[in-house]
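A.B. asks: Sequence first, then the predicted structure, then my questions.
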Amino acid sequence: FTVDGPNISTRGERRILSLAAPLRVNGQSCNCLVEGTQTRGISNNKPLSLTVREWFCHDLPGERLRTLTSMTAGAMSVESDITVLDFHVSRLEGTVHAFPTSRPVAE
């Protein structure tokens, strides 16, 4: 991907780094899809570098279990590690269907 505009010119790419990377969250092991994004360029006449790695898991749909970010812009440098410490997923007993099934109503 590219971002070009007044005072900014960057190029980047987003890739799947792993389809099944193990990550432990409060004692439970989760197989995660890991995506990585790298961006390089110039912003406000300063060199810009941004690297992000994100861990996603089917056990926690729509959320990231972990996000590692490293960014430099000129002389400034920022790093962060945001990690889920615990989560609970309620599961229905028996078979779970992706779509509700219709059942005949007894008369």
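C.D. replies: Now that the structure is in, tell me what you want to look at.

A.B. asks: who's in contact with the lengthiest strand in the chain?
C.D. replies: Assignment by DSSP state E gives strand 8-25 as the longest strand of the chain. In this structure, residues lying in contact with strand 8-25 by Cβ atoms under 8 Å, 6 or more residues apart in numbering are 1-4, 29-44, 48, 50, 53, 55, 57, 65-66, 83-87. Where you see a C-beta, it was placed from the backbone N, CA and C, and this is true even at glycine.

A.B. asks: Let's see that with 6 Å instead.
C.D. replies: Residues outside strand 8-25 that contact it (Cβ atoms under 6 Å, 6 or more residues apart in numbering): 1-3, 29-39, 41-43, 55, 65, 84.

A.B. asks: Over to stretch 59-78?
C.D. replies: Outside stretch 59-78, the residues that touch it by Cβ under 6 Å, 6+ apart are 23, 30, 46, 48-55, 57, 79-84, 87, 89.
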